[in-house]
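Visitor: dropping a prediction and its sequence here:
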Amino acid sequence: MSPNVSRLYQAVLRDKTAPISPRLRRTFGEWLAARGLPAPETGRAVQEFERDGVRVRVERSGECGRYLVEEKRAEGLLRTRVAYAERTGGPAGWVVVTVEGDGESGTGHAPGFVQAYLRTARITDGGAHLPDTAEEVDEDAVHRLVSVLSERRRRVPVAVVSVDPQ
C-alpha cells in the first residue's frame, strides 16, 4: 500500500454455505443499483462500466472472483475491493472486503452490501457468527452475551453499549 493510501475498513468473512458467488453478486448488485449503477450480469466473466465518477469492475474465474469500485471524492479516491473464493463440496469459502482511501477521501465504513450479505447465511469471522444488525440484550440474556464476549476464536471486536449507566 502506498504511503498516501489509508485502509479505512476490512473484513474477512467465512461462509460455509456454498455457493457464495450468487448471494454475493446479488447483494453487491442491489447495492450498486441503489446507487444508480447497473448490477453485474450473471453469466459474464468480466464486466466493467463507469458512471458519474464511479468505476466498477467485476471478474470471475472458476471458483474465485473479485469486485472493484472506485469513486472519485473531493480530494481523493475511495476504493472498495471484494475478493472471494468458494469450493463446491469443500471447506468453507471466504470473502475479503477492503475499503481504502487515496488522499483526503474521507472516512470508510462497511459498504452497503455487507449487511445484506450477512443476512444470506450463517457467516462467521472464522469462529463466531456475525449478525447483520445490533442485538439488544436484556438481563435475561446476559449469560449469552458473556459467552459471545469470551469466544476464543472470535476475530472481530464486539461493542457493548449501555443505555442505563446502572
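Guide: Yep, it's here.

Visitor: for the chain, name the helix or strand with the lowest mean pLDDT.
Guide: Ranking every helix and strand in the chain by mean pLDDT, DSSP states H and E puts helix 142-149 at the bottom, with a mean of 82.

Visitor: what residues sit buried inside that one?
Guide: Val148 (16 or more other Cβ atoms under 10 Å). Placement of C-beta: from N, CA and C, glycine included.

Visitor: which residues of the chain score low on pLDDT?
Guide: For the chain, the stretches flagged by pLDDT under 70 are 1-3, 89-91, 104-108, 155-157, 165-166.

Visitor: pick out the residue nearest the middle of the chain.
Guide: Centroid check for the chain by Cα atoms, centre = their mean gives Val114 as the closest residue, at 3.9 Å.

Visitor: what comes up buried for the helix or strand hosting it?
Guide: Using DSSP states H and E, Val114 sits in helix 113-118. Neighbour counts using 16+ other Cβ under 10 Å place 113-114, 116-118 of helix 113-118 among the buried residues.

Visitor: alright, I will stop here.
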